[in-house]
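Novice: Please find the sequence and the predicted model below.
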Amino acid sequence: MAKGKPTQAEPAACRLYLVTPPALEPAAFAPLLEEALDAGDVACVQLRLKDCSEDDIRRACDVLRPIAQEREVAFILNDHPRLAREAGCDGVHVGQSDTPYRDARKILGNDAIVGVTCHDSRHLAMIAGEEGADYVAFGAFFPTSTKTAEYKAEPELLSWWSELMEVPCVAIGGITAENCAPLVTAGADFLAVVNAVWGHPQGPGAGVRALNAAIEAALAG
Ligand SMILES: Cc1ncc(COP(=O)(O)OP(=O)(O)O)c(N)n1
Ligand SMILES: Cc1ncsc1CCOP(=O)(O)O
Ligand SMILES: [Mg+2]
């Protein structure tokens, strides 16, 4: 994706949104990120570091952000709007317990990408969409070991949203090449994945190729 926002004007109807593992060592992770991004189409990368200091996150941004942006892949930071602005990220992802959308928007400005977690809630998604979020994220669609998921979303939520609203929707939670087809056909604009790429037995490049092949197959019907 160009340094803009995820929009439906992009060539594919459903694209990959990579979320990093919750802990990483930037120098060791950099070649894995390069491998993933050189393996096929990826719209954005979200740096999602949990239980890390702001300095650690800033250092990770400094190493990983250019790898994404040089490839015209948007680099989004999880949870930290101010840090996202200071570190030159393309945007931020905020959850319902994080900085509220409006504050994140004020911090980052109108050109940045601001995405919002909406769990399994039509109500939260309507609010986020009306407030101006660049995308709404629904999940978890499948069991995941990456995060304790308190909400369970169904593909029908994606079809309802995409028929009604222009704002792109992201599906997240336990998504793999094997189970993603119903989310693609239901209208997910982006599939957000952690383990299906970084935990792929043949490496992250193989993970990206498998997911893109599955998306293509689902779109072809
Ligand atoms: C694309 C995307 N969707 C959902 C989340 C989850 O955000 P949140 O609920 O704030 O939980 P944490 O990721 O911060 O643990 C996400 N990060 N990205
Ligand atoms: C961050 C997040 N939010 C809901 S599920 C999830 C983790 C997704 O990771 P995986 O793709 O490994 O299930
Ligand atoms: Mg969060």
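Specialist: Right, received. Where do you want to start? Numbering: from 1, shown residues only. Ligands and ions are numbered 1, 2, ... in the order given.
Novice: which residues in the protein form helices?
Specialist: Taking DSSP state H, the helices of the chain run over residues 26-37, 54-69, 81-86, 101-108, 122-131, 155-164, 181-186, 195-198, 204-220.
Novice: How about the residues of this protein by ligand 1?
Specialist: With Cβ under 6 Å from any ligand atom as the criterion, the chain meets ligand 1 at residues 19, 46, 48, 78-79, 93, 95, 98, 115, 117, 137, 147, 170, 172, 192. The way it works is simple: take the backbone N, C-alpha and C, and place the C-beta from them, glycine included.
Novice: Which of these are buried, as a PyMOL select command?
Specialist: Burial among the residues of the chain next to ligand 1 is assessed by 16 or more other Cβ atoms under 10 Å; the matching PyMOL selection reads:
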select buried, resi 19+46+48+78+79+93+98+115+117+137+147+170+172+192
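Novice: now, which of the residues of the chain next to ligand 1 lie close to ligand 2?
Specialist: Restricting these to those within reach of ligand 2 (Cβ under 6 Å from any ligand atom) leaves 19, 147, 172.
Novice: among these, which are in strands?
Specialist: 19, 172 (DSSP state E).
Novice: Format the ones next to ligand 2 among the residues of the chain next to ligand 1 as a markdown table; extra columns: pLDDT.
Specialist: Compiled in a markdown table, these are given as follows (pLDDT from 0 to 100):
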| residue | pLDDT |
| --- | --- |
| 19 | 99 |
| 147 | 97 |
| 172 | 98 |
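Novice: Which of the ones next to ligand 2 among the residues of the chain next to ligand 1 sits closest to ligand 1?
Specialist: Checking these against ligand 1 with Cβ to the nearest ligand atom, the nearest one is residue 172 at 4.3 Å.
Novice: Tell me what that closest one is bridged to.
Specialist: Counting by DSSP bridges, residue 172 is bridged to residue 139, residue 192.
Novice: got the contact list for it?
Specialist: Contacts for residue 172 were tallied using Cβ atoms under 8 Å, 6 or more residues apart in numbering; they are 19, 137-141, 191-193.
Novice: List, one by one, the residues from the protein near ligand 3.
Specialist: 79, 95, 98 (Cβ under 5 Å from the ion).
Novice: Apply 6 Å and report the result again.
Specialist: For the chain, the contact set with ligand 3 under Cβ under 6 Å from the ion comprises 78-79, 95, 98.
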